[in-house]
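> Just the structure for this:
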Amino acid sequence: MSPAGARGLPGLAGVEHVGFTVPDLDAAVAYVRAYDVTVLGEPTAGTGPSEGQRWVYFLAPWGMQFELVSFPHGKAYEKATARDGGRGPKLWQPVIPEHPPR
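Numbering: from 1, shown residues only. Below you'll find the predicted structure:
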């Protein structure tokens, strides 16, 4: 972070934030809050093509912004249509380990 906590313009250089895909957003938010991590607001639900996705941002103790994101049942844009023969498009596929390290 810059002096006095001021934040520069996003996207000019470097990494703006890092996102973590989680299977249960509410449990992940509770986990980071248990460690007194600053969560920036409440989880937000996507609409339109992103319906089915929820996310929230939080700050690491050193000031870097992170994101928790979850869409356990996919996003609206992935739903099959008659036009694509029953195959909804997938722009990316997150990998969530079955047994994450503790």
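> all contacts plus neighbour counts: C-alpha atoms, from now on.
Fine.
> Could I get the full set of helices for this protein?
25-34 (DSSP state H).
> can you give me the strands in it?
According to DSSP state E, the chain carries its strands in the segments 18-21, 38-45, 54-59, 65-70.
> In the second one, which residues are buried?
So that's strand 38-45. Within strand 38-45, the residues scored as buried using 16 or more other CA atoms under 10 Å are 39, 43.
> Between helix 25-34 and that strand, find me the angle.
170 degrees (axes from the mean of the first three to the mean of the last three CA atoms, to 10 degrees).
> Contacts for strand 38-45, please.
If you take CA atoms under 8 Å, 6 or more residues apart in numbering as the criterion, strand 38-45 is touched by 25, 29, 32-33, 51-60.
> Partner strands of that strand and their direction?
Here strand 38-45 has these sheet partners by DSSP bridges: strand 54-59 (antiparallel).
> Just put the strands of the chain in CSV and tack on distance to residue 77 and mean pLDDT.
Converted to CSV, the strands of the chain look like this (distance: least, CA to CA, whole Å; pLDDT from 0 to 100):
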stretch, distance to residue 77, mean pLDDT
strand 18-21, 18, 90
strand 38-45, 15, 95
strand 54-59, 15, 96
strand 65-70, 15, 95
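> could I get the ones you listed as a markdown table with distance to residue 78?
Below are the strands of the chain laid out as a markdown table (distance: least, CA to CA, whole Å):
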| stretch | distance to residue 78 |
| --- | --- |
| strand 18-21 | 17 |
| strand 38-45 | 16 |
| strand 54-59 | 15 |
| strand 65-70 | 15 |
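> quick revisit: would you mind listing which of the contacts of strand 38-45 are buried?
If you count burial by 16+ other CA under 10 Å, the buried members of these come out as 25, 29, 32, 51-59.
> where are the low-confidence patches of the protein?
Scanning the chain with the threshold set as pLDDT under 70 gives 1-14, 80-102.
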